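Engineer: Sequence and predicted structure are below.
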Amino acid sequence: MTPSRASLHLGLISGTSADGIDAALVRFEPRPELLAARTFEYPASLRERVLAFARSAVSVALDDFGRLDVEIGAAFADAASGLLRASGVDARDVAAIGSHGQTICHRPGGPWPFTLQIGDPNVIAERTGITTVADFRRADVAAGGQGAPLLPALHAAVFADGANARAILNLGGIANLTLLRPGERVLGFDTGPANCLLDAWAARHLGRARDEGGAWARSGRCDDALVDAWLAEPYFAAVPPKSTGREVFNLDWLLARLPAHVAPADVQASLLVLSARSITQALQAHAPATREVYACGGGVHNAALMDALRHEMRGMHVDTTAALGIDPDFVEAAGFAWLARARLEGIPGNLPSVTGARGPRLLGAVYSGR
């Protein structure tokens with residue numbers, strides 16, 4: 001039987017690593033259920049242009065920006081349509097698409113704070129015929145918030161345990177934590193790098209998008225003094241609410257803090273420990289009673305990173321969100337489906353305790369489908 005239209009929403013996101021578009025088809029009633037999900041890789045040339053824009057510290061040509069915005073919108077539309085074809089669901093059965101888009105720049109501090117995600121939602125709505133909700137972060141930034149992370153609201157609704165302190169750890173390019181503590185308000189923030197520096201270093205020395213499974217990192221030896229020097233980065237000591245991205249943690253940041261004598265494999269091993277240790281220190285600083293950590297995001301496939309986290313988090317139970325019933329690869333995509341649903345139902349999507357916004361806000365703009 002075809003599910004009812006009102007019960008289906010589709011979420012789309014490409015994260016900081018820009019390694020593809022995650023698409024998730026979700027039914028939220030009577031309980032959240034992931035019906036279908038798939039990752040659609042960017043063409044290599046498009047991914048490189050996305051990363052070049054994100055790395056750029058100078059002005060970019062408006063023609064290049066406008067074209068990339070439309071191309072990414074078309075790629076997101078193709079991902080949504082591809083998932084529906086693969087799952088045998090008609091577009092008319094989907095109430096809305098929630099599209100996060102592709103973050104190009106995130107600067108929520110300073111006198112003129114802003115965050116920028118591209119992937120024209122007009123193109124998505126037109127090509128799919130489905131109402132599309134997009135531009136989720138800027139309303140929170142306009143209200144004085146960080147605009148990130150946005151998924152703690154979903155984590156609290158889906159993953160909270162009334163008896164135990166629990167953390168949800170998203171291992172994207174940047175790592176972020178959601179702290180679920182019985183009887184206390186939800187907290188969440190970006191801790192720093194998860195995969196972004198690992199990927200950048202692997203691309204520089206291996207010519208590949210990532211160090212698959214962390215094999216190259218395992219071949220090296222961690223330099224603890226180097227890790228300690230990296231941990232002196234002021235962002236790690238900043239008090240939440242806080243968020244970050246490639247604007248801080250990028251290859252230039254690494255090269256400026258890298259002695260000439262360290263072997264490339266040892267740098268990779270040290271970067272792995274930097275990710276695991278900075279996450280653990282943030283958890284210990286802000287939720288020391290936590291005993292359960294459930295990870296999601298692409299980093300769960302880096303076995304060396306997961307091992308490093310378990311080593312740093314000795315005494316805690318570390319698993320993935322699969323143990324809680326949701327595929328760790330698609331928690332974020334499901335989250336933007338959830339935020340689209342909230343927007344259409346007039347429910348605020350941010351948590352001021354997480355982002356620091358002045359209050360709850362409706363997130364996202366609505367673009368009508370055909």
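Structural biologist: Done, it's in. All values derive from a computational prediction rather than experimental measurement.

Engineer: When you work out contacts or count neighbours from here on, use the C-alpha atoms and nothing else.
Structural biologist: Noted.

Engineer: what about the strands in this structure?
Structural biologist: 8-14, 21-27, 33-40, 96-107, 114-118, 132-134, 166-171, 174-180, 187-193, 292-296, 317-320, 365-367 (DSSP state E).

Engineer: Would you mind reformatting those strands (as a markdown table) and adding columns for mean neighbour count while you're at it?
Structural biologist: Shown next, in a markdown table, are those (neighbours: other Cα atoms under 10 Å):
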| stretch | mean neighbour count |
| --- | --- |
| strand 8-14 | 28 |
| strand 21-27 | 27 |
| strand 33-40 | 18 |
| strand 96-107 | 26 |
| strand 114-118 | 19 |
| strand 132-134 | 28 |
| strand 166-171 | 26 |
| strand 174-180 | 26 |
| strand 187-193 | 26 |
| strand 292-296 | 22 |
| strand 317-320 | 18 |
| strand 365-367 | 19 |
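
Engineer: Any chance of those in JSON lines with distance to E233 and mean pLDDT as columns?
Structural biologist: What follows is the strands of the chain, written out as JSON lines (distance: least, Cα to Cα, whole Å; pLDDT from 0 to 100):
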{"stretch": "strand 8-14", "distance to E233": "27", "mean pLDDT": "97"}
{"stretch": "strand 21-27", "distance to E233": "31", "mean pLDDT": "97"}
{"stretch": "strand 33-40", "distance to E233": "33", "mean pLDDT": "96"}
{"stretch": "strand 96-107", "distance to E233": "17", "mean pLDDT": "95"}
{"stretch": "strand 114-118", "distance to E233": "22", "mean pLDDT": "95"}
{"stretch": "strand 132-134", "distance to E233": "33", "mean pLDDT": "98"}
{"stretch": "strand 166-171", "distance to E233": "20", "mean pLDDT": "97"}
{"stretch": "strand 174-180", "distance to E233": "15", "mean pLDDT": "97"}
{"stretch": "strand 187-193", "distance to E233": "10", "mean pLDDT": "97"}
{"stretch": "strand 292-296", "distance to E233": "24", "mean pLDDT": "98"}
{"stretch": "strand 317-320", "distance to E233": "26", "mean pLDDT": "98"}
{"stretch": "strand 365-367", "distance to E233": "36", "mean pLDDT": "98"}
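
Engineer: Can you redo those as a markdown table, where the extra columns are distance to A157?
Structural biologist: Listed next are the strands of the chain as a markdown table, based on distance: least, Cα to Cα, whole Å:
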| stretch | distance to A157 |
| --- | --- |
| strand 8-14 | 17 |
| strand 21-27 | 14 |
| strand 33-40 | 13 |
| strand 96-107 | 18 |
| strand 114-118 | 25 |
| strand 132-134 | 20 |
| strand 166-171 | 12 |
| strand 174-180 | 10 |
| strand 187-193 | 13 |
| strand 292-296 | 15 |
| strand 317-320 | 17 |
| strand 365-367 | 23 |
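
Engineer: Show the contacting residues for the residue nearest to S81 when sequence neighbours are not counted.
Structural biologist: Distance criterion Cα to Cα, 6 or more residues apart in numbering; nearest residue to S81, sequence neighbours excluded, is T128 at 6.5 Å. For T128, the contacting residues are A77, A80, S81, A91, G369, by Cα atoms under 8 Å, 6 or more residues apart in numbering.

Engineer: returning to what we had before: how about the strands of the chain, which one is nearest A217?
Structural biologist: Between A217 and those, the tightest spacing by Cα to Cα is seen for strand 187-193, at 15.5 Å.

Engineer: ok so, going back, which one of the strands of the chain lies nearest to S278?
Structural biologist: S278 sits nearest to strand 187-193 of all the strands of the chain, at 6.7 Å, using Cα to Cα.

Engineer: on contacts alone, who are the packing partners of that closest one?
Structural biologist: strand 174-180, helix 234-237, helix 264-286, helix 352-355 (3 or more Cα pairs under 8 Å, 6 or more residues apart in numbering; DSSP states H and E).

Engineer: Show me the shaky parts of this structure.
Structural biologist: Within the chain, the stretches with pLDDT under 70 are 1-6, 56-58.

Engineer: Mind listing what's buried along the lengthiest helix in the chain?
Structural biologist: The single longest helix within the chain, with elements called by DSSP state H, is helix 62-87. Within helix 62-87, the residues scored as buried using 16 or more other Cα atoms under 10 Å are 68-81, 83-84.

Engineer: And that helix, what does it pack against?
Structural biologist: strand 8-14, strand 21-27, strand 33-40, strand 96-107, strand 114-118, helix 121-128.

Engineer: Between strand 96-107 and it, find me the angle.
Structural biologist: Using axes from the mean of the first three to the mean of the last three Cα atoms, to 10 degrees, the inter-axis angle of helix 62-87 relative to strand 96-107 is 140 degrees.

Engineer: To S353, which of the strands of the chain lies closest?
Structural biologist: Of all these, it is strand 187-193 that lies closest to S353, at 6.0 Å by Cα to Cα.

Engineer: This completes my enquiry, with thanks.
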